[in-house]
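# sequence-free structure coming up:
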């Protein structure tokens, strides 16, 4: 929504952080993988997001995530759940900024075993066929 993006840009300008935030638009395929895997963490602290595919994408790229404690993801050593208060978010960012070792294999394994196994795909397919009639 263009109005929403304009509102966000206005908020950034008024808070003097406009030069540190970039609106990149949609990014797909290999470019998305390279971008997500180049960061220590994805931060998605949303009041209304539900499952959030970008969380799964980031974890598959080996990138830790900082998410709202309202999202239906388990807390792990690579999924950091925080309340919607800036001090909790800041504390988690600080902890991750000092983290020396990252284990991208663990988050990738988590995604593969929980979302990409043939058993899970078959279950999704069965549910879609059952309820899509």
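Received the coordinates, thanks. The structure displayed is predicted, hence computed values, not measured ones. Numbering: from 1, shown residues only.

# how about the helices in the chain?
For the chain, applying DSSP state H gives helices covering 2-14, 29-36, 53-60, 86-98, 104-115, 118-131.

# which stretch among the ones you listed comes nearest residue 66?
For residue 66, the closest of the helices of the chain is helix 86-98, at 5.2 Å, according to C-beta to C-beta. Every C-beta, even on glycine, is put in place using the N, C-alpha and C of the backbone.

# which intervals of the protein have sub-threshold pLDDT?
Residues of the chain meeting the criterion pLDDT under 70: 133.

# Tell me which residue is most central in it.
Among the residues of the chain, the one closest to the centroid is residue 55, at 3.1 Å (C-alpha atoms, centre = their mean).

# For that one, which non-adjacent residue is closest in space?
residue 65 (5.2 Å; C-beta to C-beta, 6 or more residues apart in numbering).

# got a list of what the one you found touches?
By C-beta atoms under 8 Å, 6 or more residues apart in numbering, residue 65 lies in contact with 41, 42, 43, 44, 55, 58, 59, 73, 78, 79, 80.
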